[in-house]
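Asker: Provide a 3D model corresponding to the input given below.
(chains A and B)
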2 protein chains.
Amino acid sequence: MRNIKLIIEYDGTNYAGWQVQPNGVSIQETMETALGALLKGPVRLHSSGRTDAGVHARGMVATFSTDSMVPLRAFSDGLNSLLPPDIAVASSEEVPLEFHPRFDARGKHYRYSLYRGGRRSPLARLCAWHVRGELDLAAMREAAKLMVGEHDFASFRTAGCAAKTTVRRIDAVDVGEEGGFLRVDVRGSGFLRNMVRMMVGTLVEVGRGRRTPEAVALLLSHPGSSSAGPTAPPHGLCLEEVYY
Amino acid sequence: MRNIKLIIEYDGTNYAGWQVQPNGVSIQETMETALGALLKGPVRLHSSGRTDAGVHARGMVATFSTDSMVPLRAFSDGLNSLLPPDIAVASSEEVPLEFHPRFDARGKHYRYSLYRGGRRSPLARLCAWHVRGELDLAAMREAAKLMVGEHDFASFRTAGCAAKTTVRRIDAVDVGEEGGFLRVDVRGSGFLRNMVRMMVGTLVEVGRGRRTPEAVALLLSHPGSSSAGPTAPPHGLCLEEVYY
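Answerer: You can find the predicted model right below:
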């Protein structure tokens, strides 16, 4: 038996998210169908986590086990010839049987992109949230800094989040400028459902002067007392990397 | 009578090009339909030039004349609410009646993007040409430099180009690296049909060692003696700006 680890890039625009869903086509089932065709039998993928509908990935990690002895290259170049243009395998490697992409993950890097132009941008529309008007970057960076560390992020999850504990360690929240875009790079040990998008939605409220950095500190010191947010839209988010 | 100048951004992926065509929907007709709905009557747009099917623009310039006294903002924000997500007006201004977007243009800036990853990229697939393998950047830059200046670009146009003279002045051809991408920025007084895409296709051949910079010099000193190219695919190209 071999355990194969894939790093997967996808444009999430036309998918109902990573996980197999009753409504709409998921990335997982598209991958499993292609793998099934390659290996001539059903294949089950285990991933480092899920992404919501419309969210992109440059570094989703998933594994599957197989008895097939086809060369590793079949699981990258071979698979890519069977996958649609908006999904591709970036790399494939054989890992120990006990490796699990979710339980062994040490952390993740997400990038959220905001487009800052005065008018909507056709070329940025599928991969950045359009946020008009002035944003106080200094205040956003101050609030971002407060999010770093180990905190109870109970205020930063949406209904339906099944996580038992809401304490997470955030290693970095960097707000950078790049051309007409803001990039919010979030690195941490793990994330609650919609947590990154609520962090970004909260930072934008701080940037607009609707919340103070102190109010963000209060959300973290009194978890669940009030709600963060709003939840930034999915298409600005990209899972860049999973660390092991 | 007012003469209105628009700067237009579009994702050319789903269009048959700028110009009204018998087959497929063009950007021009989509714009004219939206303007017609806004002004309640037929409107004819005059552009700085055409772009081929699949080519993008951040700075296409087009004008139209109207007797309507609606505020300028109607031709940006108002028009944007009538246009599809992949076309938008970036700005609108009133210009002298004698201004013509094509005849008055002093030059244009095109950017061509190449994706350099080992495997195809779902997130870059609509706006960059995927070129694998080693590229000799020094040789490409040497050949790019030879293209600068006033030359007869007869070898750098495709059949169907109706231009009477094939002499054009190129002000800059810069080959830059940005993350996993190469960006070829071309600035010049004017361009023959497919000229930028043939320049880029030729530079990639130089990068791969299939042509020497000297062979490029020969194409320019003996125009029409042999053919440049191949023509790089349309989706890597973007019309960035038109100068007046």
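Asker: which strands and helices sit next to the lowest-mean-pLDDT helix or strand in chain A?
Answerer: Ranked by mean pLDDT, DSSP states H and E, the weakest helix or strand in chain A is helix A:213-221, scoring a mean of 94. Packed against helix A:213-221 by the contact rule (3 or more Cβ pairs under 8 Å, 6 or more residues apart in numbering or on different chains; DSSP states H and E) you find helix A:137-147, helix A:195-207. C-beta here means a position set from N, CA and C on the backbone, and glycine is covered the same way.
Asker: give me every residue that touches A:Pro84.
Answerer: Each residue near A:Pro84 by Cβ atoms under 8 Å, 6 or more residues apart in numbering or on different chains is listed here: A:Thr30.
Asker: That one: what secondary structure?
Answerer: Following DSSP: H, G, I helix; E, B strand; the rest coil, the label given to A:Pro84 is coil.
Asker: List the buried residues of whichever strand or helix holds A:Arg169.
Answerer: Here A:Arg169, judged by DSSP states H and E, is contained in strand A:167-178. By 16 or more other Cβ atoms under 10 Å in any protein chain shown, the buried positions in strand A:167-178 come out as A:Arg168, A:Ile170, A:Val173, A:Val175.
Asker: Now do the least confident helix or strand of chain A and helix A:137-147, the angle between them.
Answerer: Angle between the axes of helix A:213-221 and helix A:137-147 is 20 degrees (criterion: axes from the mean of the first three to the mean of the last three Cα atoms, to 10 degrees).
Asker: C-alpha coordinates for helix A:213-221, PDB please?
Answerer: This file holds the C-alpha atoms of helix A:213-221, laid out as PDB (Å, rounded to 0.1, in the frame of the first residue of the first chain):
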ATOM      1  CA  PRO A 213      -8.600  48.300  17.600                       C
ATOM      2  CA  GLU A 214      -9.700  48.300  21.300                       C
ATOM      3  CA  ALA A 215     -13.100  46.800  20.300                       C
ATOM      4  CA  VAL A 216     -11.200  44.000  18.600                       C
ATOM      5  CA  ALA A 217      -9.200  43.400  21.700                       C
ATOM      6  CA  LEU A 218     -12.500  43.100  23.600                       C
ATOM      7  CA  LEU A 219     -13.800  40.500  21.100                       C
ATOM      8  CA  LEU A 220     -10.800  38.400  21.900                       C
ATOM      9  CA  SER A 221     -10.700  38.900  25.700                       C
END
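Asker: List the contacts of that helix.
Answerer: By Cβ under 8 Å, 6+ apart, the residues outside helix A:213-221 that reach it are A:139, A:142-143, A:146-147, A:151-153, A:155-156, A:202, A:206, A:225-226, A:228.
Asker: angle of the helix or strand following it against helix A:195-207?
Answerer: Once helix A:213-221 ends, the next helix or strand along the chain (criterion: DSSP H and E) is strand A:237-243. If you take the same axes, to 10 degrees, strand A:237-243 sits at 120 degrees to helix A:195-207.
Asker: how distant is strand A:237-243 from the center of its chain?
Answerer: 5 Å (Cα atoms, centre = their mean, to the nearest Å).
Asker: And for stretch A:65-80?
Answerer: 26 Å.
Asker: Close to chain B: what parts of chain A are there?
Answerer: With Cβ under 8 Å from any Cβ of the partner chain as the criterion, chain A meets chain B at residues A:9-11, A:56, A:58, A:76-77, A:80, A:85-91, A:117, A:119-123, A:125, A:127, A:238.
Asker: Among these, which lie within strands?
Answerer: Of the residues of chain A next to chain B, the ones assigned to strands by DSSP state E are A:Glu9, A:Tyr10, A:His56, A:Arg58, A:Ile87, A:Ala88, A:Val89, A:Ala90, A:Ser91, A:Cys238.
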